[in-house]
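J.: 3D, please:
(one chain, ligands or ions: 1)
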Amino acid sequence: MADYLIIEECPLCGFSDSIKILKVSDYRGSGEQFTIWECKKCSLRFTSPIPDENHIQKYYETNSYVSHSAQPDSIIDKIYKLVQKITLRSKKSSVEKWSDVKCGATLDIGCGTGDFLNKMKMSGWEVEGIEVNQSARQIAQNKINKNILAPKDFLKSDNQFDVITLWHSLEHLHDLHKYVGQIKGSLKQNGTLFVAVPNYNSFDAEYYRSNWAAYDVPRHLYHFSFESMKILLKEYGFELMKYRQLPFDPFYISLMSETAVKNKGSIIRASWIGLRSFVSGLFNPKKGSSILYIIRKGNN
Ligand SMILES: [Zn+2]
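T.: All right, here's what the predicted structure looks like:
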């Protein structure tokens, strides 16, 4: 077990009393089971034990890890790519709507194969990226013709950014506080932070339970609720300006839960659950399958 870390205290608030919630299997290849716990104080859920930073690499090296895949071959990959095209546009317009500057320096943490960076670069933004997966990093580097940092190099960097984005990547970072502290330090005074993470209080999460694809163990180390995210932001003096659901996630996650996690899933049921989750997230973003948090650095 030397390669695994047992998380005894809540990675967010440090409280040592947690309850066991679910056992979830890694559906992307290893099939290994991991346990998800919920902190009794701040409501963050977390995976424990987790592979350590070096050992977790192998859990990313699978063809089904579509966010890092550059060669679509299955139907899900094709849908993913189509949706990605639309969401790239929507991410860019969110950034340009909420940030103080219309064009500046941006950092994408967990940039994958660099599609978002490329989109921003084409609109004149100065872009930098961080990516843990070496082959994804290589693809991103070729795409934007710029060096992409590994996470360890980010922690040494003192560059300043107008915008920092984490599209489904905060939940992957070992040592949450080290990274959030560095993110705060790397934002300019009026900088804007965009964080999108899955929401375990969503309709689709509650329906699929241990089959919910967005638990994505062991790659997802943390599983946020709206309340636990608010606690994290408050601790760093961040100001939450706006939050909303990501509209395609309930459909994509339900489809993944049905077809990739379950043995005999139904695409029709995935569409129905996705739709119900989408509607509940529309009326109450705290119930969204994934929530996008738009955040200001604040003065403290
Ligand atoms: Zn906690």
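J.: what's the helix or strand for residue 292?
T.: Assigned by DSSP states H and E, residue 292 falls within strand 290-296.
J.: who touches the spatially most central residue of the chain in this structure?
T.: The chain has residue 168 as the residue nearest its centroid, 1.5 Å off, counting by C-alpha atoms, centre = their mean. Contacts for residue 168 (C-beta atoms under 8 Å, 6 or more residues apart in numbering) come out as 67, 110, 196-198, 290. For the C-beta atoms, the positions are set from N, CA and C on the backbone; glycine is no exception.
J.: just the buried subset of the residues you listed, written out for ChimeraX, thanks.
T.: Filtering the contacts of residue 168 down to the buried ones (16 or more other C-beta atoms under 10 Å) takes a single ChimeraX command:
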select :67,110,196,197,198,290
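J.: the ion contacts on this structure?
T.: 10, 12-13, 15, 39, 41-42, 44 (C-beta under 5 Å from the ion).
J.: which of the contacts of residue 168 sits closest to the ion?
T.: Closest approach to the ion among the contacts of residue 168 (C-beta to the ion): residue 197, at 15.5 Å.
J.: hang on, the closest one packs against residue 290?
T.: Yes: counting by C-beta atoms under 8 Å, residue 290 is a contact partner of residue 197 at 6.5 Å.
J.: how about whichever residue of the stretch 201-300 of the chain sits closest to the ion, nearest residue that isn't a chain neighbour?
T.: Going by C-beta to the ion, the ion is nearest to residue 228 of the stretch 201-300 of the chain, at 7.0 Å. Using C-beta to C-beta, 6 or more residues apart in numbering and skipping residues adjacent in sequence, the residue nearest residue 228 is residue 44, 4.0 Å away.
J.: same question, residue 197
T.: Nearest one to residue 197, counting by C-beta to C-beta, 6+ apart, is residue 224 at 4.8 Å.
J.: that neighbour: how many residues sit nearby?
T.: Neighbour count for residue 224, taken as other C-beta atoms under 10 Å: 27.
J.: where's it relative to residue 121, distance?
T.: Noted for residue 224: a distance of 29 Å to residue 121, by C-beta to C-beta, to the nearest Å.
J.: just residue 61 next, same as before
T.: 27 Å.
J.: more neighbours, the two?
T.: Neighbour count, other C-beta under 10 Å: between residue 61 and residue 121, residue 121 has more, with 17 against 13.
J.: now do the contacts for the residue lying closest to residue 266 once chain neighbours are set aside.
T.: Leaving aside its chain neighbours, residue 266 sits nearest to residue 258 (5.8 Å; criterion: C-beta to C-beta, 6+ apart). Residues in contact with residue 258 (C-beta under 8 Å, 6+ apart) are 265-267, 269-270, 273.
J.: from those residues, which would you call buried?
T.: Going by neighbour count (16+ other C-beta under 10 Å), the contacts of residue 258 have 265, 270, 273 buried.
J.: what about the first one, which SS state?
T.: Yep, that's residue 265 we're talking about. coil (DSSP: H, G, I helix; E, B strand; the rest coil).
J.: for it, give me phi and psi.
T.: phi -90, psi 170 (degrees, to the nearest 10).
J.: hang on, it packs against residue 257?
T.: Yes: if you go by C-beta under 8 Å, residue 265 and residue 257 touch, sitting 7.2 Å apart.
J.: wait, residue 243 sits on residue 295?
T.: No: look at residue 243 against residue 295 with C-beta under 8 Å: they stay out of range, at 9.1 Å.
J.: the more surrounded of those two?
T.: Comparing residue 243 with residue 295 by other C-beta under 10 Å, the one with more neighbours is residue 295, at 24 against 18.
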